[in-house]
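> Structure, please.
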Amino acid sequence: MDAQHTNPASATLRRKLFDGLGRAERALFTRPSPKSPRAQMKFLLTRAKGSTAAVAERLGVSRRTVERYRSGAIKRPQKRLQAALVEETEAQWQPQVRAQARQRAATSGGLVISCRAHFGFGPEGSSDAGRVRDIMTAVSPAHADLILSARETGATDDELHGLVAEAIADAYFRKEGGGRAGVHVEFKDVNRLDISF
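A predicted model of the protein is given here:
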């Protein structure tokens, strides 16, 4: 399926998944990221090996604007630029800490997913019928690896939705097979999704 033509529920899950992973990664930082627009711009320029063109393109501004923030001639960015500065800075801050956390999650630690969503796998009228549930479960390293790899390779919204649904279904509903090994779990209407390494 084309990434342009995914259902809105999967697109919402993608945003919540990316936000959740971003929060989980920020929680691991050993030092605070730069806070002032000038410090953020200097950091981004360092990461881009001094290329004002590269930073300008990522932020959606002109090279001259990047230079003016670096020099301190401008100190207060508009809301859109301020949000872009924070997002880009945090996305590039402490890459080794991030890489180590992802490696640990994919090989030994897995992820912990906490969410509020509609789950169901049984007929109406039974205790297994679909309903909104609050679930917190540890996801295996194999599922964590699939989710993190899909995030990095630009998987479609529907693909990410399927991976998260399968990870939660295996960890929470199928629990080591226990009589429910082949059960199909419905997962939709995600209200909240938090992740930790």
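> who touches the top helix by length along the chain?
Counting residues, the longest helix found in the chain (DSSP state H) is helix 8-26. Helix 8-26 is contacted from outside by 90-91, 97-98, 101, 111, 147-148, 151, 156-158, 160-161, 164, 188-190, 192-197, using CB atoms under 8 Å, 6 or more residues apart in numbering. Heads up, the C-betas are built off the backbone N, CA and C, glycines and all.
> Which is the succeeding secondary structure element to that helix?
helix 37-47 (DSSP states H and E).
> ok, back up a step: list only buried entries from the contacts of helix 8-26.
90, 98, 101, 111, 147-148, 151, 156-158, 160-161, 164, 188, 190, 193-197 (16 or more other CB atoms under 10 Å).
> Filter these down to the ones in helices?
Cross-referencing the buried ones among the contacts of helix 8-26 against helices under DSSP H gives 90, 98, 101, 147-148, 151, 157-158, 160-161, 164.
> can you tell me which of those residues lies nearest to Lys79?
Nearest to Lys79 among these, counting by CB to CB, is Glu90 at 16.6 Å.
> nearest residue to the closest one other than its sequence neighbours?
Spatial nearest neighbour of Glu90, chain neighbours left out: Ser33 (5.6 Å); criterion: CB to CB, 6 or more residues apart in numbering.
> likewise Phe173?
Spatial nearest neighbour of Phe173, chain neighbours left out: Val185 (5.1 Å); criterion: CB to CB, 6+ apart.
> Just give the number of residues close to the one you found.
Neighbour count for Val185, taken as other CB atoms under 10 Å: 19.
> can you check Ala53 too?
With other CB under 10 Å as criterion, Ala53 counts 11.
> sec struct for it, please.
Under DSSP: H, G, I helix; E, B strand; the rest coil, Ala53 falls in the helix class.
> any idea how this structure splits into domains?
8-28+98-196, 37-93 (automatic domain parsing).
> distance between the ends of the first one?
Terminal residues of domain 8-28+98-196 are spaced 25 Å apart (CA to CA, to the nearest Å).
> Stretch 17-37 now?
End-to-end distance for stretch 17-37, by CA to CA: 27 Å.
> Packing partners of the host helix or strand of Arg104?
Applying DSSP H and E as the criterion places Arg104 in helix 95-104. Under the contact definition 3 or more CB pairs under 8 Å, 6 or more residues apart in numbering; DSSP states H and E, helix 95-104 sits against helix 8-26.
> pLDDT (mean, whole number) over the helix it packs on?
Confidence for helix 8-26, expressed as mean pLDDT, is 82.
> So which bits of the longest helix of the chain are buried?
Neighbour-count burial for helix 8-26 [16+ other CB under 10 Å]: 9-14, 16-17, 20-21, 24-25.
> Enumerate the beta-bridge partners assigned to Leu193.
Cys115 (DSSP bridges).
> what's the helix or strand for Val132?
Assigned by DSSP H and E, Val132 belongs to strand 131-139.
> what does that strand contact?
Outside strand 131-139, the residues that touch it by CB under 8 Å, 6+ apart are 110-120, 147, 167-168, 170-172, 189, 191.
> tell me the angle the helix-or-strand element of the chain with minimal mean pLDDT makes with helix 95-104.
Using mean pLDDT, DSSP states H and E, helix 8-26 stands out as the lowest-scoring helix or strand of the chain, at a mean of 82. Here the directions of helix 8-26 and helix 95-104 differ by 120 degrees (axes from the mean of the first three to the mean of the last three CA atoms, to 10 degrees).
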